[in-house]
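Peer 1: predicted coordinates and the sequence they were generated for:
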2 protein chains.
Amino acid sequence: MPDALEYARSHADRFRDELFDFLRIPSVSAKSEHNDDTAEAARWLAGQMSAAGLESEVLATPGHPVVLGEWRGAGDDAPTILIYGHYDVQPAEPLDLWASPPFEPTIREGRIYARGSADDKGQLHMHVKALECWLSGAGTLPVNVIVVAEGEEEVGSPNLLPFVEQMRERLACDAVVISDSAMFDEGLPSLLFSLRGLAYLEVHARAASGDLHSGAYGGAVGNPAMALARMLATLHDEHGHVAIPGFYDHVLEWDEATRASIRALPFDEAKFRDTVGAPALVGESGYSTLERLWIRPTCEVNGLLSGYTGEGAKTVLPAEAMAKVSFRLVPDQDPRRVARLLEAHLREVRPEGIEIEVVELHGGNPWRADPSGPMFEAAGRALENAFGAAPVLVGEGGSIPIVGDFERVLEVPALLVGFALPGCNMHAPNEWFTVDNYDRGIGALIRLYEELATSLR
Amino acid sequence: MPDALEYARSHADRFRDELFDFLRIPSVSAKSEHNDDTAEAARWLAGQMSAAGLESEVLATPGHPVVLGEWRGAGDDAPTILIYGHYDVQPAEPLDLWASPPFEPTIREGRIYARGSADDKGQLHMHVKALECWLSGAGTLPVNVIVVAEGEEEVGSPNLLPFVEQMRERLACDAVVISDSAMFDEGLPSLLFSLRGLAYLEVHARAASGDLHSGAYGGAVGNPAMALARMLATLHDEHGHVAIPGFYDHVLEWDEATRASIRALPFDEAKFRDTVGAPALVGESGYSTLERLWIRPTCEVNGLLSGYTGEGAKTVLPAEAMAKVSFRLVPDQDPRRVARLLEAHLREVRPEGIEIEVVELHGGNPWRADPSGPMFEAAGRALENAFGAAPVLVGEGGSIPIVGDFERVLEVPALLVGFALPGCNMHAPNEWFTVDNYDRGIGALIRLYEELATSLR
């Protein structure tokens, strides 16, 4: 291991240059215009795995390909870990809010600004580099390794579960390791005990067959933008509770011990508010900010579009209005059931003269870990060694739907250890990841592989 | 007059070619990128007026210019009419809904499809051609004529009132004639007795300083799109009445005779519904469709924009949401007062954690005519002669804010005689105007000038 760590130190500049090359490829999986870029990112990543000493393949799926890397030189007696990450990124819009171009990585004050720097190219690349440090620095690895890097995480991983099911035997392992999340704070490494799930839908409201003059027709024909607003307004009550009948039926109420451990975390509410720049923090009444983020479900509008949105005043009565509506779910909510509940509720409150269509875009199950036992202890030692502080257990408001799928299909536990920082603008303009966490994180992963070699044996 | 009518018949093809040239100029006043086109349309129109035998000038304003045409050869004893129209057009978006390009006029089934064909280039051009028919066909005109063509009607005529006030003496006249409205039905010429006014605003809601990841922050930070929906939902009650306190304070309840005359019109509700392609006609309870359109005020959402609106699912918590909100007003509502009422109401219902900004884009007063007396009778004879049917009195749901201003500043009545047809898609894709109404309308205007020469004397 000292050789691997030394290799990391002496090649840090090259690693970062390579990361920048990765970040320059605009692999936006949601937009078909970027299909060539997404394919290019897969090929580039396979090349990096090969250079690191893994056998790599780009495996086609009905969507964007999976990049598979393997090294099985530790032998049958050594444990096997499966490292999962994704090489696709969120759309970068709105582009005018970026201080530097989203696909031209730029370092400012120790932060690498680029779409995908935190989510998840940067963290995936750290694993590939940590593997290279072992294989090129020490000539070996203490564990067998399978790397599964997909290109559709940001669109709900529609093809990954079938892939894992088909490849179940080849992907047989002792644990799944994922770095696609954040630390609780700078210098405070963290292990995840929960993830929220997701149900994401598009709601369309229509009245007339085409846009109309708001003077000539206004008052006598339904307005789908107004109707949509009225329907969306029924999704919450005045206390911030989701008001869709049946929504909370399967929500687990967490025990007091868990809620107490969340309260014990060094959470600075004022700093959090400053980070997001909001006039006040608001949410479901009866819960703290961290509880609202980690253990309570949400209903959000992610996008609205109707009528004329350009400069000036166009007196149009829109024919259509669209809302993107998503839910963050907690155990044991089911995304398909929640989607059905939303549609049923909207049909119930739909104003007269308006037709609606509800389209499910994607969903993912919520997840919980069992943080007791040797795997979490092994990870704790690796993180404390690299960061000088014992890790805390944290929840995560975001969703990585594949985590639960991996556990179920491969029948092994998952370990979620992330290195992004709060406020890093995942999914927003000016996404960043610190140079320091990139470098320290590679060291932590080098240690983690060795710790897991023992603890999983 | 027979010579003028003969001239119209023998030059109909050229007139239409010239109209097409006019329609090809994308004089979209709301968009600064079209400033050169709008200026070009003004120059082109001045050229047409000169060719018709008028003295023409393009007069600068702080915005788009006014084109002024004059012919005062009828002498001091003859009346003077002021013809008002506008050479600017609405934006053509959404472009993909046009069957032929908006600025490439195309005839299909007797209709000229182009942005501005009905509103108002086509109708303004008919006046210019009717004047040419008199001056070139008959060598004279029975009335003195002033043509005022502005380029900012579609953005609320911000500079026309100051222009009229400044030019008050030069614009002295006996009546204002405006063709910017529609007939009640094909073959049924119409004279307007009312216009609705307009108040148009933009509402911005903001929470965080930038877009956030809906997983990492959702549930603990305000959602401006959801908040905007909740605020917009309070603008109407469940009966379709506007629920802004004080909104109806100055609304005149029309007498039973007027409501009865509206009921007597041959209005085909099913055909109207088919024309707009709506599943049902909805509006304020207690009023018929025509009453909702002509004598009742409205509140509409004209546009919505927030967050991610592209293809696929982006899990963003938007930082901002925008709605364009407009009101059609009836006598004696005041647009500035209504704008203040909206802002006060929104501040009252604004959810916690959300900041709002309300921007007034423009407003215009409602208007009513007195349809008794010789001017309406003169117009009735001209229309009956050209169309073979006596005109009906109709209201108009749209707004021509300058009408009331002309009456007040010049102290003369306005006559609104329009030739568009129901369903002509003013302000919407696939705007059209019939070739037949263009040709017949020129004949009607030739007759109207002569009728007014007698009746206004």
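Peer 2: Yes, it's here.
Peer 1: quick one, longest helix in chain A?
Peer 2: Across chain A, the longest stretch assigned as helix under DSSP state H is helix A:435-455.
Peer 1: and A:Ala220, what is it in contact with?
Peer 2: Shown in contact with A:Ala220 (C-beta atoms under 8 Å, 6 or more residues apart in numbering or on different chains): B:Phe272, B:Leu281, B:Val282, B:Gly283, B:Thr289, B:Arg292, B:Leu293. Heads up, the C-betas are built off the backbone N, CA and C, glycines and all.
Peer 1: at 7 Å instead, please
Peer 2: Each residue near A:Ala220 by C-beta atoms under 7 Å, 6 or more residues apart in numbering or on different chains is listed here: B:Leu281, B:Gly283, B:Thr289, B:Arg292, B:Leu293.
Peer 1: same check on A:Arg168?
Peer 2: Neighbours of A:Arg168 in contact, by C-beta under 7 Å, 6+ apart: A:Val409, A:Leu410.
Peer 1: state the phi and psi torsions of whichever residue of the stretch 1-150 of chain A sits closest to chain B.
Peer 2: For the stretch 1-150 of chain A, the residue closest to chain B is A:Ala30, as judged by C-beta to the nearest C-beta, at 3.5 Å. The phi and psi torsions at A:Ala30 (degrees, to the nearest 10) take the values phi -70, psi -20.
Peer 1: doesn't A:Ala257 fall inside a helix?
Peer 2: Yes - counting by DSSP: H, G, I helix; E, B strand; the rest coil, A:Ala257 is located in a helix.
Peer 1: these two touch, right, A:Leu191 and A:Ala379?
Peer 2: Yes - between A:Leu191 and A:Ala379 there is a contact at 5.8 Å, judged by C-beta atoms under 7 Å.
Peer 1: neighbour count winner among those two?
Peer 2: Neighbour count, other C-beta atoms under 10 Å in any protein chain shown: between A:Leu191 and A:Ala379, A:Ala379 has more, with 25 against 22.
Peer 1: centre of the chain to the helix or strand harbouring the more buried one, how far?
Peer 2: Here A:Ala379 sits within helix A:374-387, counting by DSSP states H and E. Helix A:374-387 has its C-alpha centroid displaced from the chain centroid by 23 Å (C-alpha atoms, centre = their mean, to the nearest Å).
Peer 1: list the buried residues of that helix.
Peer 2: For helix A:374-387, a neighbour-count test (16 or more other C-beta atoms under 10 Å in any protein chain shown) marks A:Met375, A:Phe376, A:Ala378, A:Ala379, A:Gly380, A:Arg381, A:Ala382, A:Leu383, A:Ala386, A:Phe387 as buried.
Peer 1: show the contacting residues for the last one.
Peer 2: When you say that, I think you mean A:Phe387. A:Gly187, A:Pro189, A:Arg440, A:Ala444.
Peer 1: buried subset of the residues you listed?
Peer 2: Buried by 16+ other C-beta under 10 Å: A:Pro189, A:Arg440, A:Ala444, out of the contacts of A:Phe387.
Peer 1: A:Ile296 against A:Ser288, yeah?
Peer 2: Let me fix one detail, which is that residue A:296 is Arg and not Ile. No - using C-beta under 7 Å, A:Arg296 is not in contact with A:Ser288; the gap is 9.8 Å.
Peer 1: which one's more surrounded, those two?
Peer 2: A:Arg296 (26 against 18).
Peer 1: tell me the contacts of the more buried one?
Peer 2: A:Arg296 makes contact with A:Glu284, A:Tyr287, A:Val330, B:Gly219 under the criterion C-beta under 7 Å, 6+ apart.
Peer 1: tell me the domain ranges of chain A?
Peer 2: If you go by automatic domain parsing, the domain ranges for chain A are A:2-195+A:366-455, A:197-251+A:297-364.
Peer 1: ok, and which of these has the densest surroundings?
Peer 2: Mean neighbour count, computed with mean count of other C-beta atoms under 10 Å in any protein chain shown, is highest for domain A:197-251+A:297-364 among these, reaching a mean of 22.
Peer 1: pLDDT on that one, on average?
Peer 2: Across domain A:197-251+A:297-364, pLDDT averages out at 96.
Peer 1: next, the distance between the ends of that domain.
Peer 2: End-to-end span of domain A:197-251+A:297-364 (C-alpha to C-alpha, to the nearest Å): 5 Å.
Peer 1: likewise stretch A:289-307?
Peer 2: End-to-end span of stretch A:289-307 (C-alpha to C-alpha): 36 Å.
Peer 1: so which residues of the stretch 101-250 of chain A form strands?
Peer 2: For the stretch 101-250 of chain A, strands defined by DSSP state E, counting those that start in this stretch occupy the ranges A:106-108, A:111-113, A:144-150, A:175-178, A:190-195, A:197-206, A:212-213.
Peer 1: looking at those, which is closest to B:Met226?
Peer 2: Closest to B:Met226 of the strands of the stretch 101-250 of chain A is strand A:197-206 (C-beta to C-beta; 12.7 Å).
Peer 1: tell me which strands that closest one pairs with, and in which orientation.
Peer 2: strand A:320-329 (antiparallel), strand A:355-364 (antiparallel) (DSSP bridges).
Peer 1: could you point out which element follows the first one?
Peer 2: Okay, so that is strand A:320-329. For strand A:320-329, the following helix or strand on the C-terminal side (DSSP H and E) is helix A:335-349.
Peer 1: any idea how far that next one is from the middle of the chain?
Peer 2: Using C-alpha atoms, centre = their mean, the distance from the centre of helix A:335-349 to the centre of the chain it belongs to is 25 Å.
Peer 1: okay, angle between it and strand A:355-364 too, please.
Peer 2: Counting by axes from the mean of the first three to the mean of the last three C-alpha atoms, to 10 degrees, helix A:335-349 points 160 degrees away from the direction of strand A:355-364.
Peer 1: residues in contact with helix A:335-349?
Peer 2: With C-beta under 7 Å, 6+ apart as the test, helix A:335-349 has contacts from A:197-199, A:201, A:203, A:231, A:234, A:244-247, A:325, A:327, A:329, A:356, A:358, A:360, A:363-365.
Peer 1: one more time with 8 Å, if that's ok
Peer 2: Here helix A:335-349 makes contact (C-beta under 8 Å, 6+ apart) with A:197-199, A:201, A:203, A:230-231, A:234-235, A:244-247, A:250, A:325, A:327, A:329, A:356, A:358, A:360, A:363-365.
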